[in-house]
Structures are given as structure tokens and as C-alpha cells.
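[1] Need the 3D shape of this:
(chains A, B and C)
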Amino acid sequence: MSPDEYVEAVLELVERIPAGRVMSYGAVADALAERSGRASARLVGSIMARHGGGVPWHRVVNSAGRLPPGHEREARARLRAEGTPLRGVGVDMAAASWSPEEGM
DNA sequence: ACCGTGACGCTGA
DNA sequence: ATCAGCGCCACGG
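    Numbering: from 1, shown residues only, chains lettered A, B, ... in the order given. Alright, predicted model coming up:
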């Protein structure tokens, strides 16, 4: 799978995350691991940073539930509007974490 | 080719 | 809860 195709795969998956739920960068990487051969949360992070506009980027957070640096305000506002379980500075991962399996 | 730089994540102190 | 240390992979200098 070429880098371009990988980017597509990531964006596609992010678009499937339901409102009110979230996925961590690592979870996205894992979900695509078999099909892509790669599994790098960091890579997913850079992809979101560079090609993330256009998809619900606020539904992707780090494994601790922290929001993307520099976009906390925007992300928080959108998540709150979608009724995403929040806790402290970020998202309540135990309650909001979503996986592709769950949505089919 | 080498190096620094990230919207990352796990482990261990 | 916080912090350093590593491993990770694409990019720009």
C-alpha cells in the first residue's frame, strides 16, 4: 500500500467515527495495520496534521484523551456540541472510545 | 545519506 | 500524576 493510499485509508476511517465517539491515533493505526502493513500512531498524527482538514479531525485524540495541541478550543467546542463524554482537560476514553468493529 | 522535528504511545522510575 | 527514554515513520534542510 503506497503512502498516498494509506492517507486515503486513514481519512476514510476517520469519517466513519460516529458523532459523540472518538478514536485515538494509535487505535486508527492498529485498525489499519493488517491492510496497510504499517502501525504507527505518530504517522497517523502527522497525516491528520497535514491532510486532516475535511474530515471530523476532532474525533481523533491521543491515547490519554488529550486534544490536539493548538486546537483545544475548537476541538472541545465541537466535542461538547456532539455530546462526547468529557473529563478533565480532554475526553473520557473509557466511555467515548469507538472501534470499527462496533460500528457494523 | 544524515539530522531534527512532530496533532503519538508504552514502559519504567 | 509527571517525566525521561525509546521506537515509530514521513518530511524538509
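[2] Is the residue nearest to the spatial centre of chain A bridged to anything, and to what?
    For chain A, residue A:60 is the residue whose C-alpha lies nearest the centre (Cα atoms, centre = their mean; 2.2 Å). Beta-bridge partners for residue A:60, by DSSP bridges, are residue A:23.
[3] Correct me if wrong: it contacts residue A:48.
    Yes: in this structure, residue A:60 is within contact of residue A:48 by Cβ atoms under 8 Å, at 5.8 Å. (Each C-beta comes from the backbone N, C-alpha and C, glycine too.)
[4] Residues that sit against both of those two, list them.
    A:14, A:25, A:68 (Cβ atoms under 8 Å, 6 or more residues apart in numbering).
[5] what's near enough to touch the second one?
    Going by Cβ under 8 Å, 6+ apart, residue A:25 touches A:41-42, A:44-45, A:48, A:60-63.
[6] Scan chain A for its longest helix.
    helix A:3-16 (DSSP state H).
[7] For chain A, what lies in contact range of DNA strand C?
    Counting by Cβ under 7 Å from any atom of the strand, the positions of chain A adjacent to DNA strand C are A:3, A:6, A:38-43, A:46.
[8] Need the max-distance pair from the residues you listed.
    Maximum pairwise distance among the residues of chain A next to DNA strand C (Cβ to Cβ): 16.2 Å, between A:3 and A:41.
[9] Among these two, which residue is more densely surrounded?
    Using other Cβ atoms under 10 Å as the criterion, residue A:3 and residue A:41 rank with residue A:41 on top: 15 against 11.
[10] which stretches of chain A form strands?
    Shown for chain A, the strands assigned by DSSP state E span residues A:23-24, A:60-61, A:86-87, A:90-91.
[11] Buried subset of the contacts of residue A:25 as a PyMOL selection?
    The buried subset of those, as determined by 16 or more other Cβ atoms under 10 Å, is captured in PyMOL by this line:
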select buried, chain A and resi 44+45+48+60+61+62
